[in-house]
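In: structure of the sequence below:
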Amino acid sequence: MTAPVPVRAAVLGLSAAALLPLRAAAQVEVAEATVEELQEAMASGAATSEQITAAYLARIEAYDQAGPRLNAMIRLNPDALAEARALDEERSRTGPRGPLHGIPVILKDNYDVAGRPTSGGSLALAGLVAPDDAFQVAKLREAGAVFIGKSNLHELASGITTVGSLGGQTLNPYDVTRNPGGSSGGTGAAIAASFAAVGWGSDTCGSIRIPASQNNLVGLRPTKGLSSTDGILPLSHTQDVGGPLARTARDLAVALEATVGPDPADPATGAVAGREIPRFMDALDPDAFTGARIGILEDFFGETQQERSAVRLVREVVAKMVELGADTLTVDVPDLEELLDGSGVISYEFKWDLVDYLAGVPGAPVDSLGRMLELGLIHQALVPRMRDRDRHDARDSEEYLEALGKQGPLREAVVAAMDEAGVDALVYPTMKAIPAVVVEPQSGSNCSLSANTGLPALSAPAGLTDGGLPMGYELLGRAFDDARLLGFAYAVEQATDHRHAPPTTPPLVNGMAPPAVAFNLRASLAASGTTGDGTSGDGTSGQGASSERVAVEARARFEYDPVLSRLGYQIGVYGVDARDVFAVVLRAPDAEGRWSVVRRLIGPEEASGSGELTLTEDLRRLLAAGDVHLEVYTRQAPLGAARARLPALGAAGARLPPSGGS
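Out: Alright, predicted model coming up:
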């Protein structure tokens, strides 16, 4: 078997000579492509699985360790193209196995794949090689999925910002200064950036739902026991679940149907014995809210300034549910805070679950959490928490049994409140706070209610904040109502436009990231204080400007990088003394047509200068629409001496001429 290839290897372990012909042949646009669209392309002969896989690999090459440097992947599968080619040959002989045949997927690096490392994002486990496939991996293999590679995670799945000693820090593709959530943040960032069609994560307290919220995805924490955790590096056997994250509800349904079900190796899945497995595809109904009742869990809505964005967006989703036919009402779970307090068991189970897992891997490089700490091979951000967890001396301590004993009453109280109110699901923000800046702690999680009750919860996009950051709403239901929750999310999805691709990973151009585009701009003279187009900068006649006739010209050279969302500039102002220049600025109108200065470029008392802007979401939208003007203000013409409109910078900035004029 070919050795695993680190993602940092040149062209991800593939020679440029091997990949370039595939790039040229495929020209398959996989950005934001759904599973159904990919299957249609393969069925019609428009693309092969090999070409689709190559297209995803090209995106990883362009954006994971280059461009925005998302750092979402730990290792890639060097046999991915060969596996895709074999599935293409099988399709031509016998037809597809099902909806995942030939579809590239990503696995969080705590899923075992036979003969491949399972690192858990930890340097201490970098050499740990799984003897067999995890249950869900085996199901994916049977379904004909192509394994692209392993994604980064918060080390040992023990946090919500996705940083670790082996994988480093993953960045959020919507704002690379911020974290992507966790612990399945590598999967979240990768699927948001279209590194594969669907990705798998795990959730012990929010680790699927938080990355779904922060990467504009759909993710379900299934009812405990609906999916097997056999072969997933454990954090807490009581609370661990595994499952997919996807860009659409339909893709999530396809992925879930392929991987849920009983497994003799996981006793928790005995809960589905004699029970019909949920039919996720059948639940995709745009009229799912007709006759439904949704409970608003007000206790989980925030009140602080930093929580306003989430609250506003989720309340807008609730209003949409009402439009779609739902009745909504506020639901109160008596003593909820007290019931939740101390009901988590991760701290008590992790040490012992890890010992058991490592004992089952031949040749494991370490045998315990204590040994990992002793060797100093855990990221410093996790060391204090891991030391606390390693101090638990007994599996069945009194404190552990007390915490475990709280989960049943908590679950009963939640279900009783839902029954009394007659609601089908509870709704609240997945996260009350926006993604935190990298290295800052992340706050605002509502993860515990589902994790500590075993009840299913689904996070889906609620829209973007004014700053372009995704936020999610969460639906919690009764045990094994998983498909109903997905049906609700599908109905909202069909009635809204909340899914938006991240700006840092646009479609490739000839198999590569779109290049930066340079253009020139000239803002010409004004006479009697009017701008070059005969108006002042706000579209008025220029009244109030100086009557002195002064010829002013600004010459600018811009370079727009659509991947990094940066706008570089060099500007010179001619016709007036530098001491008479007030400023050269970018101005734009808002939605109501009201003008304002959005950036000052040079000035005061400067006739030339250069710099670089990192674009906000608002400014990026204005530039894309061609609504941004370069304007010059001088002592002689304080209300505007020269003006020119920047050309429309499309998503990839590829439609610009070599130079632009006024």
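
In: can you give me the helices in the stretch 101-250 of the chain?
Out: Remark: helices assigned in the stretch 101-250 of the chain by DSSP state H, counting those that start in this stretch are 135-143, 185-192, 209-214, 249-259.

In: what is the burial count for residue 119?
Out: Residues near residue 119, counting by other C-beta atoms under 10 Å, number 26. No exception for glycine: its C-beta is placed from N, CA and C like everyone else's.

In: was I right about it contacting residue 156?
Out: No: if you go by C-beta atoms under 8 Å, residue 119 and residue 156 don't touch, sitting 9.6 Å apart.

In: I'd like the helices of the stretch 101-250 of the chain laid out as a markdown table, including mean neighbour count.
Out: Listed next are those as a markdown table, based on neighbours: other C-beta atoms under 10 Å:
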| stretch | mean neighbour count |
| --- | --- |
| helix 135-143 | 22 |
| helix 185-192 | 35 |
| helix 209-214 | 35 |
| helix 249-259 | 25 |
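
In: can you give me the distance of the residue nearest the centre of the chain to residue 573?
Out: The centroid of the chain falls nearest to residue 215 when counting by C-alpha atoms, centre = their mean (2.2 Å). Distance, residue 215 to residue 573, by C-beta to C-beta, to the nearest Å: 43 Å.

In: tell me the SS of residue 643?
Out: Three-state call for residue 643 (DSSP: H, G, I helix; E, B strand; the rest coil): strand.

In: tell me the pLDDT of it.
Out: At residue 643 the predicted local confidence, pLDDT, stands at 92.

In: with residue 31 instead?
Out: 97.

In: over to residue 306?
Out: 83.

In: please report phi then psi for the nearest residue to it once chain neighbours are set aside.
Out: Leaving aside its sequence neighbours, residue 306 sits nearest to residue 433 (C-beta to C-beta, 6 or more residues apart in numbering; 5.3 Å). Main-chain dihedrals, residue 433, degrees, to the nearest 10: phi -120, psi 150.

In: burial check on residue 433, number of neighbours?
Out: Residue 433, neighbours per other C-beta under 10 Å, totals 17.

In: the residue nearest to the centre of the chain and residue 493, how far apart?
Out: Distance from residue 215 to residue 493, by C-beta to C-beta: 15 Å.

In: the spatially closest residue to residue 604 that is not a sequence neighbour and residue 646: what is the separation?
Out: Spatially, and ignoring its direct neighbours in sequence, residue 604 is nearest to residue 582 (5.3 Å; C-beta to C-beta, 6+ apart). Applying C-beta to C-beta, the value for residue 582 to residue 646 is 20 Å.

In: what are the contacting residues of the longest helix anywhere in the chain?
Out: Longest helix of the chain, by residue count under DSSP state H: helix 398-421. Residues outside helix 398-421 that contact it (C-beta atoms under 8 Å, 6 or more residues apart in numbering): 238, 293, 295, 329, 331-336, 339-340, 342-345, 348-349, 392, 394, 425-426, 449, 452-455, 476, 478.

In: tell me the buried residues within the residues you listed.
Out: Buried by 16 or more other C-beta atoms under 10 Å: 238, 293, 295, 331, 333, 336, 339-340, 343-345, 348-349, 392, 425-426, 449, 452-455, 476, 478, out of those.

In: those residues in strands, which ones?
Out: Among those, the ones falling in strands (DSSP state E) are 293, 295, 425-426, 476.

In: and those as CSV, adding pLDDT and distance to residue 374?
Out: Compiled in CSV, these are given as follows (pLDDT from 0 to 100; distance: C-beta to C-beta, whole Å):
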residue, pLDDT, distance to residue 374
293, 98, 54
295, 98, 49
425, 98, 46
426, 98, 44
476, 98, 40
